[in-house]
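>>> The following comprises the amino acid sequence and a computationally predicted model.
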Amino acid sequence: MKRLLASSALLAALAAPAFAQATDTYTPDPNAKEGGSIVITYKDDVATLDPAIGYDWQNWSMIKSLFDGLMDYVPGTTDLRPGLAESYEISEDGLTYTFKLRPGVTFHNGREMTAEDVVYSLSRVTDPATQSPGAGFFGMIEGFDAQMAGEAESLSGVTAVDPQTVQIKLSRPDATFLHVMALNFASIVPQEAVEAAGDDFGRQPVGTGSFKLAEWTLGQRLVFEKNSDYWREGVPYLDQITFEVGQEPVVALLRLQNGEVDVPGDGIPPAKFQEVMADPAQAERVVQGGQLHTGYVTMNVTQPPFDNVDVRRAVNMAINKDRITQIINGRAVPANQPLPPSMPGYAENHEGYAYDPEGAKELLAQAGFADGFETELYVMNTDPNPRIAQAIQQDLAAVGITASIQSLAQANVIEAGGAGTAPMIWSGGMAWIADFPDPANFYYPILGCAGAVEGGWNWSKYCNEELDAKATEADSMSDPAMADQRLALWSEIYTKVMEDAAWAPVFHEERYTMRSPRMGGDDALYVDPVSIPVNYDYVYVTE
Amino acid sequence: MAAYLARRLVESVLILLGVTLVTFFLLYVLPADPVRQIAGRSATTETVESIRRQLGLDQPFWVQYGRYLWNLLHLDLGRSYLQRSNVSELIWARLPPTLLLMAGAIVCELILGLTMGIIAALRRGTATDNGLMIASFIGVSAPQFVVGLLMLYVFAVQLRWFPIGGYGTLAHLVLPALTLGILGAGWYSRMMRSSMVEVLRQDFIRTARAKGLARHRVILRHALPNAILPIIAMIGIDIGIFMGGIVVVESVFGWPGIGQLAWQAIQRVDIPIIMGVTLVSAVAIVLGNLLADLVTPLIDPRIRLR
Amino acid sequence: MSDAALPEPRRRSALGRLARRPLALLGLAIISVTVVSAIAAPWIAPFGRDEQLFEGLTLEGAPMPPGGPFLLGTDLLGRDLLTRILYGARTSLVIGVVANGLALLIGTLVGVTAGYFRGWLGSLLMRFTDLMMAFPALLLAICLAAIFTPSLWIVALVIALVNWVQVARVLYTETTSLAERDFIAAERAIGAGHGRILWLHILPHLVPTIIVWGTLGISTTVLLEATLSFLGIGVQPPEPSWGNIIFENQTYFQAAPWLVFFPGMAILLMALAFNLVGDALRDVLDPTQRGRG
């Protein structure tokens, strides 16, 4: 994350408030051409394009192109830059953020966006009636609790100072706040369009984004058209994008090879991977990228035998991560900690638990389980997860742990995990992919005490008060000057999590996608860490 | 006739009511919480409870079911939890592909089944007859997902005659329709054979032959219409059989119909969609059976409606 | 009309006539081979059931084609496919027999009770049967499988809960017509109890139908189990079933079609065998019984 201090002159002028500014380090691609249309495929249907609700693989980047938030990321990176806010200031206590809005930004319906829209949008996403899966991200804003409890009309911490200025008051300093303002859930929507569409705003989206929805045939295709009034100069390059849904990844790739598809939204399917890589003409169009993803095994620390830290460490040592990586065709890197390597705060020199079945057996013997024990491993029933679970099962059997597999529908696994009835869960298919590129995003719901409650997503039910306190301490360092110190603290927290072995991290998925010969633009745009999977605004066609 | 129809209609409504009750109950006891799916990973307990209240999922079973029926009475199938749009609209959008697939399957099974059956009947006792009957047995014994995957491999991947799944042109329809129709083709060929054999034995055919009419004329003009009618009556029942098959066939071929919708909804406990699809399927089955029962006596006057 | 007017159930002669039908013999042969290999799997299988072999996968994680030490190739976890298919026969057979046995039991109970007693009980039972007929079988099975955690026995139970309906309907019709016969009325007149009549006079006449449906039903059961497993909601891994072998490997079917072909053929042959035998039994035992199963 790059946060540069603004000029000292400006600082002096404003005297009291600390004035920080994330700057736009993006330089336009000199080869970019305007015009053209492309075809992108997805397997799963698009459920909704309402930014307060959409939380799926396929609609995440679509919403990013239809809507904007106050903050944004430099394309292809995890670096924040201003979005609909032209600039912002943070008060010295880190509790008040003042955003200056960009003038002259219009919604797709032609109306100019104002500060009132920001107030409305943030109140809407936190309104219980909206039922937004992202409401919880806004917990640091003043008035959040009253809003969630249904006691308030709007989010009291957000106020329109004047049509071009929004002030947001926080109830606690939070270093992740600007990332939250860049989330899809914080997109700015026009009240009149939302109210006109009623329950169907997700099907008739109106935003400020670079594209607008032109056509939607349910279950088949969506067509986006260029927003020629887009407020960012020069983008988007494309005139039109057609998304075809319900396309199996294998089919999508074959169609790409036939020249009918430009980007397979779900990436290269494992079965076609070797074939593609063996052909130099195709291999050169393959784009590989890290993902803010970790696949892990949770162990319920509140129940024996996993209440014993040695048992959990033994499990960490028993799993042969290299073999599991081989089973998914090497499309991942073995993991030794919860954070993925491309995440700020990743502990480079952390060694984790090496594969050591003998050592695992010794640890188990120490813990009083020399003869092993029986347990259950829950897993979501879509390929390749049951296969991965069977590989883990064989590894565990080698050290004496008999784990029977419970391969269930996603909802049933989540239920068992939340209720704490699942001793072990392989997270695949439901695993954590970061919502925003900050280490805090990997902690609270899945490793912190807040998530360890009945129904929470912390399936290990691991609750370490000391670490929770440290996490709060880290996130209160909202002064950009303390960024490094904050990341160091987060590294320490995750190192401690691994000492307690609440999880057995297994691998971090790598993304392998492909583009048709006519697609241009930086490789990073096709594996954008934020606009997952493709940053539609900046790619272009060369012909 | 009117009385019969009225009674059957009342019965059908009761059956459909029963279907909704059973499905609603099964989904009620399902060990998965749809609210957790809606609320997302970072939701607080209060958020979850608030959503549960809004959806009425905190109410006892009978209240929830009563509310469902009340809405159903107003032709409201509810709103999808995760897709956040009206279930009727979602089903409506998915219905044309499914109906197209079913129509294609009916065409396939009739053409294949009737041709095989007629040839077998005419060549009764020969090797051709035996071969065709073994083929029909294979048709009814073949799992649809295997047939689908193998057809994809042979005709789409290797021979490249057809597209590898998807939806759009007539070429897309051929393989899924064949896969769905192959089971029925097996049944129809066997029924057609026995029906044809029966008809060929009858007096009027013999008379026609004795009068010196050409063999193909007798078969086409006299035997075929009589043999084919009882089979047409079965098509209604097929619709119910297809309802199960579409889940598999649509998932193998990536066909955007209600089978896929149902499967995705089941995976994510989207109760309103599951209810909706089950109800639509049940309506199709009940109507299909009713239709078959109504058509049969028109064809064969010996069978009276009771 | 006396009891003797009704033909005695033709059990003894049936086997002899069955043996004269080549297709039925082919079916019996396939069934015998399957049963023997299922029982003998631990001795004839070249590898352990769940053994994930290092040499069973390429370094890139691709399966081995048929040949060499792996007669039918390996699956995506490096396990020997032949071994998995041999053990999978156990799953199919156990479910085929257990699920179908249960379905027959429920179907017979419901059908015979409804057909014999009629009245409100019969009416209630048959309306419930109609209700079950209105469910798309696969959808119902999927819902049931989601409620109970799937295991071999639960899958069998789910299939039985879906498949008894057909049996009940057929037996209901037969029982109704039997119960109207004079000899039943005569039995009643001399004061025979319901139990006695059902056991001694109704049930024996239903035996041919039950045998036919019992055989044909196994074929349906095998297919349904395979379909549930193919959707990932059948028996739990690592227990092999022909359906879940295809489920686990289908993403690779273009690169490794043997992973779909061999287990697919196993399912087909098994279902075919029971259909052939069942059909022949139907002809032999009761030529008037025809129609869709």
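Cool, the structure landed.

>>> measure residue B:290 to residue B:283 for me?
In this view, residue B:290 and residue B:283 are 10 Å apart by C-beta to C-beta, to the nearest Å. For glycine as for every other residue, the C-beta is placed from the backbone atoms N, C-alpha and C.

>>> just residue A:381 next, same as before
29 Å.

>>> Quick one: residues contacting the spatially most central residue of chain A.
With distances taken as C-alpha atoms, centre = their mean, chain A has residue A:435 as the residue nearest its mean C-alpha position (2.5 Å). Applying C-beta atoms under 8 Å, 6 or more residues apart in numbering or on different chains, we find residue A:435 in contact with A:134, A:137, A:183, A:441.

>>> Just the buried ones from those?
Neighbour counting by 16 or more other C-beta atoms under 10 Å in any protein chain shown classes A:134, A:137, A:183, A:441 among the contacts of residue A:435 as buried.

>>> of those residues, closest to chain C?
Taking C-beta to the nearest C-beta as the measure, chain C lies nearest residue A:134 of the buried ones among the contacts of residue A:435, at 27.5 Å.

>>> The closest one against residue A:126, yeah?
No - checked against C-beta atoms under 8 Å, the pair residue A:134 and residue A:126 is beyond contact range at 9.2 Å.

>>> Please enumerate the shared neighbours of those two.
Joint contacts of residue A:134 and residue A:126 (C-beta under 8 Å, 6+ apart) do not exist.

>>> Which residue ranges of chain B form helices?
Secondary structure of chain B (DSSP state H): helices located at B:2-29, B:34-39, B:45-54, B:61-73, B:87-122, B:127-141, B:144-151, B:170-201, B:203-210, B:215-217, B:224-232, B:235-253, B:258-267, B:271-299.

>>> quick one: least confident helix or strand in the chain?
Since no chain was named, I'll use chain A. Sorting the helices and strands of chain A by mean pLDDT, DSSP states H and E puts strand A:4-5 at the bottom, at a mean of 32.

>>> think we crossed wires, I meant chain C
For chain C, scoring each helix and strand by mean pLDDT, DSSP H and E identifies helix C:12-19 as the least confident one, at a mean of 69.

>>> after that one, next one along is what?
helix C:22-44 (DSSP states H and E).

>>> Just the angle for the following helix or strand past that following helix relative to helix C:22-44, thanks.
Heading C-terminal from helix C:22-44, the first helix or strand you meet, by DSSP H and E, is helix C:81-117. Using axes from the mean of the first three to the mean of the last three C-alpha atoms, to 10 degrees, one finds that helix C:81-117 and helix C:22-44 are set 130 degrees apart in direction.

>>> Residue A:52 and residue A:188 touch, don't they?
No - using C-beta under 8 Å, residue A:52 makes no contact with residue A:188, being 11.1 Å away.

>>> quick revisit: let me know the closest of the contacts of residue A:435 to residue C:127.
For the contacts of residue A:435, the residue nearest residue C:127 by C-beta to C-beta is residue A:134; the value is 48.0 Å.

>>> State the number of residues packed around the residue lying closest to that closest one once chain neighbours are set aside.
In space, and not counting its chain neighbours, residue A:134 is closest to residue A:185: 3.2 Å by C-beta to C-beta, 6 or more residues apart in numbering or on different chains. For residue A:185, the count of nearby residues is 28 (other C-beta atoms under 10 Å in any protein chain shown).

>>> Mind checking which of residue A:381 and residue B:283 has more residues around it?
residue A:381 (27 against 15).

>>> Who are the contact partners of that one?
A:407-410, C:232-233.

>>> now residue A:322
Residue A:322 makes contact with A:334, A:355, according to C-beta under 8 Å, 6+ apart.

>>> ok, stretch C:155-173 near chain B or not?
No - shown here: stretch C:155-173 not in contact with chain B (C-beta under 8 Å from any C-beta of the partner chain), separated by at least 9.6 Å.

>>> How far off centre is that stretch?
The chain centre lies 11 Å from the centre of stretch C:155-173; the measure is C-alpha atoms, centre = their mean, to the nearest Å.

>>> picking up where we left off before, in TSV: the contacts of residue A:435, plus pLDDT.
Listed next are the contacts of residue A:435 as TSV, based on pLDDT from 0 to 100:
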residue	pLDDT
A:134	89
A:137	90
A:183	94
A:441	89
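
>>> Identify, from those residues, the entry nearest to residue B:256.
Closest to residue B:256, out of all of the contacts of residue A:435 and judged by C-beta to C-beta, is residue A:134, at 27.9 Å.

>>> need the residues of the stretch 201-306 of chain B near chain A, please.
Residues of the stretch 201-306 of chain B lying close to chain A (C-beta under 8 Å from any C-beta) are B:254-256, B:260-261, B:264, B:266-269.

>>> switch the cut-off to 10 Å
The stretch 201-306 of chain B comes close to chain A at residues B:250-258, B:260-261, B:264, B:266-270, as judged by C-beta under 10 Å from any C-beta of the partner chain.

>>> Can you point out the buried residues in stretch B:59-78?
Neighbour-count burial for stretch B:59-78 flags B:64-65, B:68, B:72, B:77-78 (criterion: 16+ other C-beta under 10 Å).

>>> how about that stretch against chain C, any contact?
No - judged by C-beta under 10 Å from any C-beta, stretch B:59-78 stays clear of chain C, getting no closer than 14.7 Å.

>>> CA atoms of that stretch as CSV?
What follows is stretch B:59-78, C-alpha atoms only, in CSV (Å, rounded to 0.1, in the frame of the first residue of the first chain):
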residue,chain,number,x,y,z
GLN,B,59,-42.0,-18.5,13.1
PRO,B,60,-43.3,-22.0,13.8
PHE,B,61,-43.7,-24.4,11.0
TRP,B,62,-47.5,-24.0,10.5
VAL,B,63,-47.3,-20.3,10.4
GLN,B,64,-44.6,-20.4,7.8
TYR,B,65,-46.5,-22.9,5.8
GLY,B,66,-49.7,-21.0,6.1
ARG,B,67,-48.0,-17.9,4.9
TYR,B,68,-46.6,-19.8,2.0
LEU,B,69,-50.0,-21.1,1.0
TRP,B,70,-51.6,-17.7,1.4
ASN,B,71,-49.0,-16.2,-1.0
LEU,B,72,-49.4,-19.2,-3.4
LEU,B,73,-53.1,-18.4,-3.4
HIS,B,74,-52.2,-15.0,-4.7
LEU,B,75,-50.0,-16.7,-7.3
ASP,B,76,-46.9,-15.5,-5.5
LEU,B,77,-44.2,-18.1,-5.3
GLY,B,78,-42.0,-15.9,-3.1
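
>>> how about the nearest residue to residue 107, chain neighbours excluded?
If you meant another chain, say so; for now it's chain A. residue A:190 (4.6 Å).

>>> try again with chain C
residue C:167 (2.7 Å).

>>> From residue B:131, how far off is the residue of the stretch 151-293 of chain C found nearest chain A?
Distances between the stretch 151-293 of chain C and chain A by C-beta to the nearest C-beta are smallest at residue C:232, namely 3.9 Å. Residue C:232 sits 37 Å away from residue B:131, going by C-beta to C-beta.
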